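J.: From the sequence below, what's the structure:
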Amino acid sequence: MLVPGESLLVWGSAPGLYFYSGRAPATGFLYISPLQKYSGQEANLARFCREAEKATAEAVVIDGRPRTDRPAACLRAVLEARYVPAPELAGGAAVGELWLKKDGALARRLEGAER
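T.: Numbers count the residues shown, from 1 in each chain. As a prediction, this is how the structure comes out:
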């Protein structure tokens, strides 16, 4: 789905998505544990929010597994401003949400594949 040069942002504890997609995280965080209930949580969350607001990720994945905290308010604001929920993908048994950058290259590719 993603081509070289495009990035991904994952909210959750699924760093394998970066590995298997061959893409680097759009923020300095591979997973959300440093943003939750740990020493330094506030500073880490503030850094995540700054980086998420500047990120140019083509796609954002929200891990929907029960043990994953809901996305930070700053991430929801970024999603609402710059992303759209992805159309349901073929065989979509995924748990969570996939958001695509509004008018982004990935969104255009997927739109063309649906036709």
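
J.: What helices and strands are in contact with the worst-scoring helix or strand of the chain on mean pLDDT?
T.: The least trusted helix or strand in the chain, going by mean pLDDT, DSSP states H and E, turns out to be helix 105-114, with a mean of 83. Other elements packing on helix 105-114 under the criterion 3 or more Cβ pairs under 8 Å, 6 or more residues apart in numbering; DSSP states H and E are strand 96-101. For every residue, glycine as well, the C-beta is placed using N, CA and C.

J.: Number of residues surrounding the closest residue to residue 101 other than its chain neighbours?
T.: Distance criterion Cβ to Cβ, 6 or more residues apart in numbering; nearest residue to residue 101, sequence neighbours excluded, is residue 58 at 5.3 Å. When neighbours are defined as other Cβ atoms under 10 Å, residue 58 has 23 of them.

J.: List the contacts of residue 58.
T.: Shown in contact with residue 58 (Cβ atoms under 8 Å, 6 or more residues apart in numbering): 2, 6-8, 100-101, 104-107.

J.: now do 10 Å
T.: By Cβ atoms under 10 Å, 6 or more residues apart in numbering, the contact list for residue 58 reads 1-3, 5-9, 23, 26, 83, 99-101, 104-107, 109.

J.: The helix or strand harbouring residue 61 pairs with which strands, and in what direction?
T.: Per DSSP states H and E: residue 61 is located in strand 59-63. Applying DSSP bridges, strand 59-63 is found paired with strand 8-11 (parallel), strand 96-101 (antiparallel).

J.: Return the distance of the last one from the chain's centre.
T.: Translated: strand 96-101. Between the centre of strand 96-101 and the centre of its chain there are 7 Å (Cα atoms, centre = their mean, to the nearest Å).
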